[in-house]
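3D, please:
(chains A and B)
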Amino acid sequence: MALVCDGGRDRRLLIIPALFDEANRMRRFCVQLMRELDRHGIDSILPDLPGTHDSLEPLTRQTLATWTDAVASTAAQFSTERVVAIRAGAALLGAHRGWTYAPISGATALRQLLRARLVASREAGLGEAMEALTDEAHRSGIVLAGYELGPLMFAALATHEWVPPDNVRTIHQHELGGAGLWLRAEPGEDEEQASALALLIAREWAE
Amino acid sequence: MDQAPLSPDKMTAALGPSRAEIDAILRGVLRDVLGLADTQVADFDTDSGLFGHLPELDSMAVAGLLTETEDRLGIIIDDDDVDGEMLETYGAFLAFAEAKVIGA
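Next up, the predicted model:
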């Protein structure tokens, strides 16, 4: 499944969403971005990664590799020429050309999720320790922020480092102004940021 | 061997951000995490309740807040140091961050 803004136009962009909890907080932003891209004459597709949103696939069987494949087949299905990957979505870029917006590594995304689990666990008086949690996760998977990650996904995230490839341009938060919406405790929206990102993509695509 | 005294510039760098700077940085993090205006976070005092008092500050938001604090202050927060108490009030959070900056 995917959100699609398809006018059959020449310029077609695949949006690789942020991962896990950040996907929720950036969802509204992605939809605003799609509207703004439309105003610049750019079609866009926002897929549900297997095991998330409307996908019927089990999340526990997914890894960064299955998600990268899913991104590649979505790109082929919708004939998108370029991609923009948001945050840890950059881990799924493959060989696509385009942009990354405030990319982070899978390891950084995982660290956040583990931290949240520790904070919640301490508040509940369970007193879980990081080492025991990661050992268990490597053996049999783990539920983090409501996401049931299999051991392969856990290992893939833990070892993923972000190295900017040559085929993409990194867009930094300061280029959009304001603070990144992934920081927000509650999902927020910011039309100006979405508009700035769309303008930047439209302008650089035309170059 | 005697060491040459640090120049004022180097001393500042060695000491890290001042108390006022740490305070400003933490307020900035809270502003961005809670989606507040500068004027609203300026009203936080040491007794202002955070974790357990602000409904939007759940465990996930706390994790984000800590990571962003690490990035902006250039410190590492040990996961074993993280508990609800260090974030219960703004004063506790500030004291924790100051101790980390001094220890860094």
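
any low-confidence regions in chain B?
Judged by pLDDT under 70, chain B has its weakly predicted residues at B:1-15.

do chain A as well
Judged against pLDDT under 70, chain A has no low-scoring part.

do that again at 80, thanks
When residues are selected by pLDDT under 80, those of chain A lie in A:127.

tell me which parts of it are close to chain B?
A:21, A:108, A:111-120, A:122-123, A:129-130, A:145, A:179-180, A:182-186, A:188 (CB under 8 Å from any CB of the partner chain). Placement of C-beta: from N, CA and C, glycine included.

taking those residues one by one, which sit in helices?
With helices defined by DSSP state H, the entries of the residues of chain A next to chain B inside them are A:21, A:108, A:111-120, A:122-123, A:130.

I'd like to know which residues of chain B are adjacent to chain A.
Within chain B, the positions adjacent to chain A are B:31-35, B:54, B:56-64, B:66-68, B:79-80, B:82-84 by CB under 8 Å from any CB.

ranges for the strands of chain A?
A:2-5, A:12-16, A:43-47, A:82-86, A:98-101, A:142-144, A:147-149, A:168-171 (DSSP state E).

Is it possible to get a markdown table of those that adds distance to residue A:160 and mean neighbour count?
What follows is those, written out as a markdown table (distance: least, CB to CB, whole Å; neighbours: other CB atoms under 10 Å in any protein chain shown):
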| stretch | distance to residue A:160 | mean neighbour count |
| --- | --- | --- |
| strand A:2-5 | 24 | 16 |
| strand A:12-16 | 14 | 26 |
| strand A:43-47 | 20 | 24 |
| strand A:82-86 | 13 | 26 |
| strand A:98-101 | 14 | 24 |
| strand A:142-144 | 15 | 19 |
| strand A:147-149 | 13 | 19 |
| strand A:168-171 | 16 | 17 |
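
Including distance to residue A:62, could these go into CSV?
Output for the strands of chain A, formatted as CSV (distance: least, CB to CB, whole Å):
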stretch, distance to residue A:62
strand A:2-5, 16
strand A:12-16, 14
strand A:43-47, 13
strand A:82-86, 17
strand A:98-101, 21
strand A:142-144, 14
strand A:147-149, 8
strand A:168-171, 23
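
Residue A:55 is nearest to which of those?
Set against residue A:55 and scored by CB to CB, the strands of chain A come closest in strand A:43-47, at 8.8 Å.

List of residues touching that closest one?
Counting by CB atoms under 8 Å, 6 or more residues apart in numbering or on different chains, the neighbours of strand A:43-47 from elsewhere in the structure are A:1-9, A:11-17, A:30-31, A:33-34, A:37-38, A:70-71, A:74, A:78, A:80.

Return the residues in contact with residue 94.
In the absence of a named chain, chain A is used. A:68, A:71-72.

my bad, chain B
Remark: with contacts taken as CB under 8 Å, 6+ apart, residue B:94 is in contact with B:22-23, B:26, B:46.
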